[in-house]
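Peer 1: predicted coordinates and the sequence they were generated for:
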Amino acid sequence: MKVLEKIIFWLFCILLFLVPLILWPYTSEVFEFNKIVVVYILTTLITATWIIEMIYEKKFLFRRTILDTPLLVFLGSQLISTLFSIDPLTSVLGYYSRFNGGLASIICYSLLYWAFVSNIDSKKTWKLIYITLSSAALVAFYGVLEHFGIDKKIWVQDVASRVFSTLGQPNWLAAWLIALMPVTWSLILKTGIKLKNYKFWIYLSLSILLFWTMIFTKSRSGYLGFAVAFIIFWGFTVWQKRHEIKILLSPFTAIGIGIAAVCLISGTEWTPSINNLIHKSANKQIVATQTGVTALETSGTESGTIRSIVWKGAVQIWLHYPIFGTGVETFAYSYYLYRPAEHNMTSEWNFIYNKAHNEYLNFAANSGTVGLLAYLALIGFAIYQIIKGDKSQEPNHKQATNYNLEIGILSGYTSILVTNFFGFSVVPIQLEFFLFPAIAIAIANDQPTISGSQPKKPDGIQKLFLLIVVSCELIVIFACGKYWNADRLYALGKGYNSINKPDVAAGYLVKAIKLRPNQAVFYSDLSSSYTNLALVFNQQKQTDQADQFSNLAITEINKAVTLSPANVNLKRTKFGIYIMLSTINPNYLTDARDTLVLAIKQAPTDAKLFYNLGLVYARTGQADEALATLKRTIDLKPDYKDARLAYAYLLINQKQYPEAKAQLDYILAKIDPTDSLTKQALESIK
């Protein structure tokens, strides 16, 4: 039994240390995919070991907490939403490229919560906290090195400007680190406020390192989350120590000086660094601040403006699917149906939005009112559970130490609620969300784990159950391995497609499909491979092979659309396939047109779909329909230069010169005064 208890503990150690650090460059998504697969595998191992422990004990080893019912209700809401989902596979495993948030991941996080509170005591909890902070130190240190250019040649993004370390995105990194900062403050207080204690300086240095890395993320939601966490932590701490306030001066001053020093050395989004002050070169940053636009946004639409538009769309989804939503993690599909037209006027008008960039609206849209209320109830009970952790009216030193940690956990948990308001959870943050309340329970548990006496040798029935559990465990781990390997093969195929080697790509994609025959995006990329092969054979005048691969391409993209009919992006791909194949057989233009008509029903405000449909109408000789469609495109996106130019050319062909000239003049006056094609069109009118 002691061995099983140690296994569970060490599996949690691996989980909390490895998940923030894990990444792999040879999968379709470098960060989140590998983290979620690790979570699936380790959850399976932890849960199986826990069940084996219960079989040996012949006892149900489960510690009841106040979070049990809210968590079950939340799980139920996600299950029902998945059952009524517009795309059940996406709801189970998450949107492909995001992965976190599907029903499978929610089940894993819930099992981890119950396994933690049932198997981890106070002593083990402290060890796990140190393990987590060790991982955070490595993540943060790598983030600082990123800022100074250690891997700027590896990433396409300007990682030196906004670091993301091993989490993959600056806002995610900031949110994860901020949730851990109050824990470091708790440890500073745990040292007994002795400045000569080397642990004090270790924890202080770690706190400053985490804050320094957060600054390099340039995450505004991160700053807000930090401010809230700071106020809550020190507010509760001052209240607890109100009768002996002087003992807080040393740690508070040390932390404050450290934070101020970092801000002065490195600068922030709103304050120049000491180097800028010395060289008087902060003018650009100050101007950006005065206009309400941060430096990272000067190249496009302000992120707050874009978020407000996306939030409007999320609210509309919620209003149209008010009870259970459109299905867990289906925002990428449902958003286009209710996407506000003003999204076309932003710099990200052609981006795919697979999240609402607000965790609460994301639940409202995906899981409806039932899911949102269940999620809010879970948060409320979790906060109550964290606060309730200290039950002593007059705590001794050990209980006071635990209380300090509970304040840190509460502050960090609250920071997640803040950063999630402007974003969404990823795997490491979701682990914090579910395990912080578990830590608050476990830290107050001075008893060893809840195992009973030494069990006897297992009897026949026990052996049967053990065999079943181990078999199921191996099956799940094998399935996770297939899941990961299929994605690896898919990434290889996608990569070979990108360097114009469709024959090699097709081989890998076929292998990926054999491992996961229900994944629509695999068929989509395989269709692209076959399309490119058809074009190659057509250029070589090998008609039979060109026709063969054309048919294969159409078959595969139809499979993709059939598997995920709510996914409008697959219809975009299908349209592109037909357009490319139309160079072989012009009749495919009709299929391209029909595909766009269906896609527009799912995305009625997407200007690019209307633009492409207008061009297809023009190519098929449907001039009136082309003019009407391009006019609709311009109404949706007035600054769409290509649409106005195409509209003008059609008007010229119809000899409607005044209107054509008006369109061309608009382009030169308000969109692009140097556009040569527009000037040529004006000359042709003259």
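Peer 2: Cool, the structure landed. Numbering: from 1, shown residues only.
Peer 1: now the helices: where do they sit in the stretch 1-150 of the chain?
Peer 2: 2-18, 32-57, 68-83, 88-93, 103-119, 122-147 (DSSP state H, counting those that start in this stretch).
Peer 1: what's the answer for the stretch 551-686 of the chain, then?
Peer 2: Secondary structure of the stretch 551-686 of the chain (DSSP H, counting those that start in this stretch): helices at 568-581, 588-602, 607-619, 623-636, 641-653, 657-666, 676-685.
Peer 1: I'd like these as JSON lines, with mean pLDDT appended.
Peer 2: Compiled in JSON lines, the helices of the stretch 551-686 of the chain are given as follows (pLDDT from 0 to 100):
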{"stretch": "helix 568-581", "mean pLDDT": "97"}
{"stretch": "helix 588-602", "mean pLDDT": "96"}
{"stretch": "helix 607-619", "mean pLDDT": "96"}
{"stretch": "helix 623-636", "mean pLDDT": "96"}
{"stretch": "helix 641-653", "mean pLDDT": "94"}
{"stretch": "helix 657-666", "mean pLDDT": "92"}
{"stretch": "helix 676-685", "mean pLDDT": "88"}
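Peer 1: how about the ones you listed in CSV, adding mean neighbour count?
Peer 2: To be clear about C-beta, it is placed using only N, CA and C from the backbone, and glycine gets the same treatment. Below are those laid out as CSV (neighbours: other C-beta atoms under 10 Å):
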stretch, mean neighbour count
helix 568-581, 23
helix 588-602, 19
helix 607-619, 23
helix 623-636, 19
helix 641-653, 21
helix 657-666, 17
helix 676-685, 14
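Peer 1: now distance to Asp547 too, for those, in JSON lines please.
Peer 2: Formatted as JSON lines, those follow (distance: least, C-beta to C-beta, whole Å):
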{"stretch": "helix 568-581", "distance to Asp547": "10"}
{"stretch": "helix 588-602", "distance to Asp547": "12"}
{"stretch": "helix 607-619", "distance to Asp547": "21"}
{"stretch": "helix 623-636", "distance to Asp547": "29"}
{"stretch": "helix 641-653", "distance to Asp547": "31"}
{"stretch": "helix 657-666", "distance to Asp547": "40"}
{"stretch": "helix 676-685", "distance to Asp547": "36"}
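Peer 1: out of the ones you listed, nearest to Leu61?
Peer 2: When these are compared by C-beta to C-beta, helix 568-581 sits nearest Leu61, at 46.1 Å.
Peer 1: kindly export the closest one (C-alpha atoms) in PDB.
Peer 2: Provided in PDB are the C-alpha atoms of helix 568-581 (Å, rounded to 0.1, in the frame of the first residue of the first chain):
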ATOM      1  CA  VAL A 568     -17.300  26.300 -42.200                       C
ATOM      2  CA  ASN A 569     -13.500  26.300 -42.700                       C
ATOM      3  CA  LEU A 570     -13.600  22.900 -44.300                       C
ATOM      4  CA  LYS A 571     -16.000  24.300 -46.800                       C
ATOM      5  CA  ARG A 572     -13.500  27.000 -47.600                       C
ATOM      6  CA  THR A 573     -11.000  24.300 -48.200                       C
ATOM      7  CA  LYS A 574     -13.500  22.500 -50.400                       C
ATOM      8  CA  PHE A 575     -14.000  25.600 -52.400                       C
ATOM      9  CA  GLY A 576     -10.300  26.000 -52.900                       C
ATOM     10  CA  ILE A 577     -10.000  22.400 -54.000                       C
ATOM     11  CA  TYR A 578     -12.700  22.900 -56.700                       C
ATOM     12  CA  ILE A 579     -11.100  26.200 -57.900                       C
ATOM     13  CA  MET A 580      -7.700  24.500 -58.400                       C
ATOM     14  CA  LEU A 581      -9.300  21.500 -60.100                       C
END
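Peer 1: what's that helix packed up against?
Peer 2: Helices and strands touching helix 568-581, as assessed by 3 or more C-beta pairs under 8 Å, 6 or more residues apart in numbering; DSSP states H and E, comprise helix 520-539, helix 543-563, helix 588-602, helix 607-619.
Peer 1: which strands or helices does the shortest one pack on?
Peer 2: Think helix 607-619. helix 568-581, helix 588-602, helix 623-636, helix 641-653.
Peer 1: one more time with 6 Å
Peer 2: Where contact means 3 or more C-beta pairs under 6 Å, 6 or more residues apart in numbering; DSSP states H and E, helix 607-619 is packed against helix 588-602, helix 623-636.
Peer 1: JSON lines for the helices and strands packed on helix 568-581, including distance to Gly256?
Peer 2: Formatted as JSON lines, these follow (distance: least, C-beta to C-beta, whole Å):
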{"stretch": "helix 520-539", "distance to Gly256": "49"}
{"stretch": "helix 543-563", "distance to Gly256": "56"}
{"stretch": "helix 588-602", "distance to Gly256": "53"}
{"stretch": "helix 607-619", "distance to Gly256": "50"}
